[in-house]
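Undergrad: using only what follows, build the 3D model:
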Amino acid sequence: MKINKMLVGLLTSVTLVAGAAQAAELSVVSGDTGNGLAFLQEQLEKFEAETGHTVTIVPMPSSTTDQFGQYRLWLAAGNTDIDVYTTDVIWAPQLADQFLDLSEAAADVIDQHFPSIIESQTVNGKLVAMPAYTDAPALFYRKDLLEKYNKEVPTTWAELTATAQEIMDAERAENPDMWGFVFQGNAYEGLTCNALEWVKSYGGGQVIEADGTISINNEQAAAAIDMAASWIGTISPEGNLAYMEEESRGVWQLGNAVFMRNWPYAYALGEGEDSAVKGKFDVAPLPAGEGEGARSAATLGGWNYAVSKYSQEPEAAIQLAMFLSSPEIQKERAIKQSNLPTIEALYDDQDVLAAAPFMSNWKEIFQNAVPRPSAPAQAKYNEVSSLFWGAVHNTLSGDGSAAENLELLEADLSDLKGDAW
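TA: Numbering: from 1, shown residues only. Modelled structure (predicted):
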């Protein structure tokens with residue numbers, strides 16, 4: 001009897017040791033905006049309870065440009081401290097060699113995602129990252145103010161400019177802090193997104209076309225950027241030159257803007273109990289430009305989870321990436337964070353539509369979505385984007401006309417390209 005008890009004790013000890021050995025300590029990098037970090041922590045606690053692993057969040061600046069720079073430093077150094085990276089949709093071609101292939105782990109779920117999004121994360125047959133949510137910006141507008149002044153939702157940038165000016169001027173009698181339009185004007189990746197929308201909406205191309213041709217130096221593109229420059233100091237504050245997503249949302253959510261360009265995450269926050277615009281706004285596709293080829297255009301965005309090839313716990317890290325991109329988490333993210341799922345079936349989910357009925361508005365927005373030129377620029381995309389936003393920011397700041405700055409940009413891009421991208 002004593003021997004049996006001893007054997008049981010030994011087996012229990014072995015089981016505990018084995019269980020402890022299977023528990024991994026992981027880290028995930030995130031630059032979430034709004035209340036995204038709190039949401040992520042909530043999900044990680046579920047993952048920890050289910051698996052026994054522990055996960056530490058390594059927070060990053062909200063600037064995607066700063067994030068990408070830090071990622072490259074860590075990965076170039078073979079950093080083993082970071083297991084899972086939160087990645088922008090455009091980074092797959094540039095960082096593919098540093099991440100594990102998730103194709104096998106995702107084999108049973110890959111067909112649940114929009115094919116175009118899976119395609120964006122696949123490089124030379126390697127699934128670089130699992131999509132967590134997709135993104136396309138919209139025009140946020142104060143429906144109460146449009147009704148008050150009997151105005152329609154603008155469908156062109158010219159209409160937006162005129163409507164924003166008129167309502168701003170009238171509202172300043174009661175609110176001297178009111179502005180007509182806020183957007184992301186700082187010199188970073190967010191300005192590339194905004195400017196690409198202006199240029200594309202005017203029929204000015206996509207900076208670099210799919211065949212690698214540099215197309216940005218044209219009259220339509222110059223007209224689009226000059227139009228945006230005219231907003232600074234008129235319908236948009238001078239400070240907009242330093243705004244990223246959160247700064248624009250801050251002005252908007254305090255009730256101090258008629259229009260805002262931003263991503264879907266700002267919708268749920270705008271409907272929060274502490275928001276001055278709760279129940280007073282809606283969203284629409286971004287306006288079109290003027291002239292031949294004019295159309296609405298929204299930059300395709302989105303975030304994914306990639307596993308570092310330097311992770312010392314690759315199996316557990318892959319498990320985490322699959323968990324954070326799963327239908328259950330995507331559904332909860334859609335309901336709580338207003339983030340758009342990459343899993344097609346969730347757009348018909350009654351719980352999602354009840355919590356976020358506005359998501360049906362994004363169907364039309366996605367039809368007008370345009371990719372950034374990361375595919376043709378390949379590993380040089382980050383430099384391309386930096387040159388583009390720099391030229392645009394100079395124009396917005398009054399340092400040269402759009403035509404002058406785009407001519408210089410074309411020369412710089414040609415030098416960067418050399419014989420080939």
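Undergrad: show residues contacting stretch 271-281.
TA: Contacting residues not belonging to stretch 271-281 are listed as 140-145, 252-255, 269-270 [Cβ atoms under 8 Å, 6 or more residues apart in numbering]. For every residue, glycine as well, the C-beta is placed using N, CA and C.
Undergrad: 7 Å - rerun?
TA: Contacts with stretch 271-281, where a contact means Cβ atoms under 7 Å, 6 or more residues apart in numbering, come from 140-144, 252-255, 269-270.
Undergrad: can you put those in TSV and add secondary structure?
TA: Below are the contacts of stretch 271-281 laid out as TSV (DSSP: H, G, I helix; E, B strand; the rest coil):
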residue	secondary structure
140	strand
141	strand
142	strand
143	helix
144	helix
252	helix
253	helix
254	coil
255	coil
269	helix
270	helix
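Undergrad: quick check, nearest of those to residue 168?
TA: For the contacts of stretch 271-281, the residue nearest residue 168 by Cβ to Cβ is residue 142; the value is 10.8 Å.
Undergrad: buried only: go through the contacts of stretch 271-281 for me.
TA: 140-143, 252-253, 255, 269-270 (16 or more other Cβ atoms under 10 Å).
Undergrad: now the two most distant members of those.
TA: Spatial extent of the buried ones among the contacts of stretch 271-281 (Cβ to Cβ) is set by the pair 143 and 269 at 17.2 Å.
Undergrad: low-confidence stretches in the chain?
TA: Applying pLDDT under 70 to the chain flags residues 1-21.
Undergrad: could you pull out the strands for it?
TA: 25-30, 54-59, 84-88, 122-123, 126-127, 130-135, 138-142, 179-182, 257-262, 281-284, 298-299, 301-307, 369-370 (DSSP state E).
Undergrad: now render those as CSV, adding distance to residue 381.
TA: As requested, those are exported to CSV (distance: least, Cβ to Cβ, whole Å):
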stretch, distance to residue 381
strand 25-30, 20
strand 54-59, 24
strand 84-88, 11
strand 122-123, 13
strand 126-127, 18
strand 130-135, 18
strand 138-142, 24
strand 179-182, 27
strand 257-262, 22
strand 281-284, 28
strand 298-299, 14
strand 301-307, 14
strand 369-370, 15
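Undergrad: looking at those strands, which is nearest to residue 219?
TA: Nearest of these (Cβ to Cβ): strand 369-370, 19.4 Å.
Undergrad: what pairs with that closest one, parallel or antiparallel?
TA: strand 298-299 (parallel) (DSSP bridges).
Undergrad: tell me how far the partner strand lies from the chain's centre.
TA: 10 Å (Cα atoms, centre = their mean, to the nearest Å).
Undergrad: and for stretch 183-195?
TA: Distance, centroid of stretch 183-195 to centroid of chain: 12 Å (Cα atoms, centre = their mean).
Undergrad: show me the contact partners of it.
TA: If you take Cβ under 7 Å, 6+ apart as the criterion, stretch 183-195 is touched by 63-65, 225, 240-245, 248, 261, 299, 372, 385, 388-390, 392-393, 396.
Undergrad: which residues sit against stretch 125-132?
TA: If you take Cβ under 7 Å, 6+ apart as the criterion, stretch 125-132 is touched by 87, 92, 96, 99, 101-103, 106, 113, 117-118, 121-122, 302-306, 321-322, 324-325, 342.
Undergrad: tell me the span between the first and last residue of it.
TA: End-to-end span of stretch 125-132 (Cα to Cα, to the nearest Å): 20 Å.
Undergrad: same thing with stretch 336-353?
TA: This stretch, stretch 336-353, spans 12 Å end to end (Cα to Cα).
Undergrad: buried stuff in it?
TA: Neighbour-count burial for stretch 336-353 [16+ other Cβ under 10 Å]: 337-343, 346-347, 349, 352-353.
Undergrad: those helices in the stretch 1-150 of the chain, which residues are they?
TA: Secondary structure of the stretch 1-150 of the chain (DSSP state H, counting those that start in this stretch): helices at 2-22, 36-51, 64-76, 92-95, 115-120, 143-148.
Undergrad: farthest-separated two in the buried residues of stretch 336-353?
TA: By the measure Cβ to Cβ, 342 and 353 form the most distant pair in the buried residues of stretch 336-353, at 16.8 Å.
Undergrad: could you dump the buried ones among the contacts of stretch 271-281 into CSV and include distance to residue 77?
TA: Below are those laid out as CSV (distance: Cβ to Cβ, whole Å):
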residue, distance to residue 77
140, 40
141, 46
142, 48
143, 50
252, 39
253, 39
255, 46
269, 36
270, 40
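Undergrad: ok, so of those, who is nearest residue 35?
TA: So of the buried ones among the contacts of stretch 271-281, ranked by how close each gets to residue 35 (Cβ to Cβ), first place is residue 269, at 7.1 Å.
Undergrad: contacting residues for the closest one?
TA: Residues in contact with residue 269 (Cβ under 7 Å, 6+ apart) are 34, 249, 253, 275.
Undergrad: kind regards, and thank you for your time.
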